[in-house]
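> here is the input, now give the coordinates:
(chains A and B)
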Amino acid sequence: MSSILVAIIGMIVFALGYRYYSRFVAEKIFRLDPNYVTPAHRYKDGVDFVPTNKFVLWGHHFTSVAGAAPIVGPAIAVYWGWLPAFLWVILGTVFAAGVHDFGTLVLSVRNKGQSVGTLAHRLIGQRAKLLFLFIILILVLMVNAVFAWVIANLFISYPASVLPVFIQIPLAIWIGYAVYKKNKKMLIPSLIALAFMYFAAVLASRIDFLQIDLVQYMGGEDGAGFFGLGAVSTAFFIWIIILMIYVYIASTLPVWKLLQPRDFINSHQLVVGLAILYLGLLFVNPEITAPITNANTDISWFPLLFITIACGAISGFHGLVSSGTSSKQLNNETEARFVGYLGAIGEGVLALIAIIAVITFFPSKEAFLATYSSFTASNGAGLGVFVEGASNLASGLMIPTDIASTIVSIIVVSFAATTLDTSVRLMRYIIAELGVEYKVPVLSKTHVATTIAVVSSAALVLLPEGPKGFGSGGYLLWPLFGTANQLLAGISLLLIAIWLKRLGRNYAIALIPMIFVLFMTLIAMFQQVIFEWSWFGSNANMLLFVLGAITFVFAVWIILTAFSSLTKNMDEPIDDEK
Amino acid sequence: MMLAKLKTLIQFYEEVLSMPHRQEIARELRNEDDLFLLLLYSEMIGIPNPVYYYTLELYPYMIEKFHDWHLRMGMEKSPMTGIRCC
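Numbers count the residues shown, from 1 in each chain, chains lettered A, B, ... in the order given. Reported below is the predicted structural model:
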């Protein structure tokens, strides 16, 4: 089957979803009012609350939510065949993610631009806010561990990507300096930085000594490392330590010094990446070699598919961005549909090309099945296959495959590194907030909170042992990451449903995806915790068991609390509409 | 025509990029201003203020921003008996 056809079908569904479904939700359910004074106008302060042009806000929203997760998830989930992954991405985006991102944005706009955490407090109660904080804490902890693993893994597999990625750091500092101190425009400097990085990528791909290959330095894959570990495990250990030191420094610096200039470069990379892949797809038009559905799987697609692809189908993280920043900058309430719903679609488009890159890469169905032989194997291989598949698509634009794979891995590493930086920062804030809540003031000190965040993340990525020994088990955390993310999404949808119910509107649009997402997540979670990770499970792992069990208990607790408030009759007004 | 469109596109892109940056710079500036305001009210926190009478002259300029400021500084109610904003 032609892959262009699949892309076109996906795009048509997205377009119909935006054109009809989102309009229905906007007009009939949310009843957006062009005359409503948005928080951006009411609390305008030039810092957080700034009315912003809808295209600009969409651009910012999209670049904030798009990252490495919508690439990794689909690349693993094609294990069950491409059709289930494809359907979940397009239908999830249209009916779940769109409503979720759009809904959290509107909910926040109608409630003074408050974030979902604060809204949980107002709509459900004080305990809900704390549970919510704990779930976000677990989510960012997973994000830290998973993305650190992703980066270390790519550095080991694609040593040519190391140099350009590290060149990005001084370049970003330079841009931050140029813009802040010299008040220069940032487009040109960040484009120069990007050109410089890709030039380094070309050089490093062709010149061996520019490739920082720790495994090679220790005498290849069979070489002996330190501390009695193999070469690959030692390399992994070293990269994780370097990354953790980096992320400690990066997340304690003011954001304009490193994080934001990195984001400018990454925005270009997102545009470049999407353009290369979709244009490449047009020129190459590769045949899909992966099976439509894979019958001989060692673990059922139900319900695991729905947590394996989290970002790209529905993601709770988006609600944090929608209600955290975008809601404070929305110029007119009717533009929420454009920013929120289309932001989710942008993420869906990225997930769609990730699926296509992976399912067209293999020469035959047998080759696909050999790599995706078991769920564990797919977890480990997915990312590498995406990089290869993407460079295969890029070859349509006459880009040599070795250079393309370096550039694609740089893009994924850059996304992952910025996410890592942001989520360590987020974790620090949450630890500080919990410290204030439970009266442990020392936790609100920047360096104490950051140390806790970094050490716990490092421990989490280093502890689980995979089939290839130490350091190969980071991906075991992927289902936990998916679950925490989907739980958050489910709870945000629940908040939207409670809000709609209190306004006397039809809340089915939020309730149905919520029940679906929460049901799938809880079942998957239960299955993983009891049958996989517990002491009598097939992959007994105490660490994952404890983390999974904690998340599960929190989730059930918050859902019960929330449902009781959904069924209660509440007459008190919750926003200024009544 | 084409060139004009391209220019708008570049301008739009530039604006997307600079949005969070502008926000962060504004935040830094506000933090500095907040600190300055705290110094102006230094006798409130027990530090003698040698230019007390001069800061009094700034009073009309600060009064409008005072409410938001004391909220940002973590004081729920107005710390000054003279200014009753809330």
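> and residue 30, what's its pLDDT?
By default, I'm working from chain A. You'll see residue A:30 listed with a pLDDT of 95.
> not quite, go with chain B.
Predicted confidence (pLDDT) at residue B:30: the value is 89.
> so for it, what's the nearest residue that isn't a sequence neighbour?
Ranked by CB to CB, 6 or more residues apart in numbering or on different chains and with sequence neighbours excluded, the top spatial neighbour of residue B:30 is residue A:47, at 5.6 Å. Heads up, the C-betas are built off the backbone N, CA and C, glycines and all.
> that neighbour: neighbouring residues, count only.
Counted with other CB atoms under 10 Å in any protein chain shown, residues neighbouring residue A:47 total 18.
> that one: helix or strand, and which one exactly?
Using DSSP states H and E, no element contains residue A:47; it sits outside every helix and strand.
> tell me who's in contact with the residue of the stretch 101-250 of chain A found nearest chain B.
Minimum separation of the stretch 101-250 of chain A from chain B (CB to the nearest CB) falls at residue A:187, amounting to 4.6 Å. Taking CB atoms under 8 Å, 6 or more residues apart in numbering or on different chains as the definition of contact, the neighbours of residue A:187 are B:10, B:13-14, B:17.
> so the closest residue to chain A within chain B, which state does it fall into?
Proximity of chain B to chain A (CB to the nearest CB) peaks at residue B:16, 3.4 Å away. On the three-state scheme (DSSP: H, G, I helix; E, B strand; the rest coil), residue B:16 is labelled helix.
> so residue A:204 touches residue A:160, yeah?
Yes. Checked against CB atoms under 8 Å, the pair residue A:204 and residue A:160 is within contact range at 4.1 Å.
> what does chain B put close to chain A?
Within reach of chain A by CB under 8 Å from any CB of the partner chain, chain B has these residues: B:10, B:12-21, B:23-28, B:30, B:68.
> at 6 Å instead, please
Within chain B, the positions near chain A by CB under 6 Å from any CB of the partner chain are B:12, B:14-21, B:24, B:26-27, B:30.
> how about those, which pair is most distant?
Comparing all pairs in the residues of chain B next to chain A by CB to CB, the longest separation belongs to B:12 and B:30, at 26.8 Å.
> ok, now how distant is residue A:47 from residue A:452?
Distance, residue A:47 to residue A:452, by CB to CB, to the nearest Å: 29 Å.
> which secondary structure elements does the helix or strand residue A:61 falls within contact?
Secondary-structure assignment from DSSP H and E places residue A:61 in helix A:54-65. In this structure, helix A:54-65 packs against helix A:316-324, helix A:342-359, helix B:2-40, with contacts taken as 3 or more CB pairs under 6 Å, 6 or more residues apart in numbering or on different chains; DSSP states H and E.
> how many other residues sit next to residue 74?
Let's take chain A. One way to gauge burial is a neighbour count; for residue A:74, by other CB under 10 Å, it gives 31.
> not quite, I wanted chain B
As a burial measure, the neighbour count of residue B:74 was computed by other CB under 10 Å and equals 6.
> look at it and tell me its secondary structure.
Of the three states, residue B:74 takes coil under three-state DSSP.
> report pLDDT for it.
76.
> where does chain B dip in pLDDT?
The model of chain B has pLDDT under 70 over residues B:81-82.
> show me the contacts for residue A:102.
With contacts defined as CB atoms under 6 Å, 6 or more residues apart in numbering or on different chains, residue A:102 is in contact with A:340-341.
> residues touching residue 49, list them.
All of this refers to chain A. When the contact criterion is CB under 6 Å, 6+ apart, the partners of residue A:49 are A:39-40, A:43, A:328.
> chain B was what I was after
B:42-43 are the contacts of residue B:49 under CB under 6 Å, 6+ apart.
> what about it, is that helix, strand or coil?
coil.
> the closest residue to residue A:442 other than its chain neighbours sits in which helix or strand?
Sequence neighbours aside, residue A:448 is the residue nearest to residue A:442 in space, at 5.6 Å (criterion: CB to CB, 6+ apart). Taking DSSP H and E as the definition, one finds residue A:448 inside helix A:446-462.
> sounds good, over and out.
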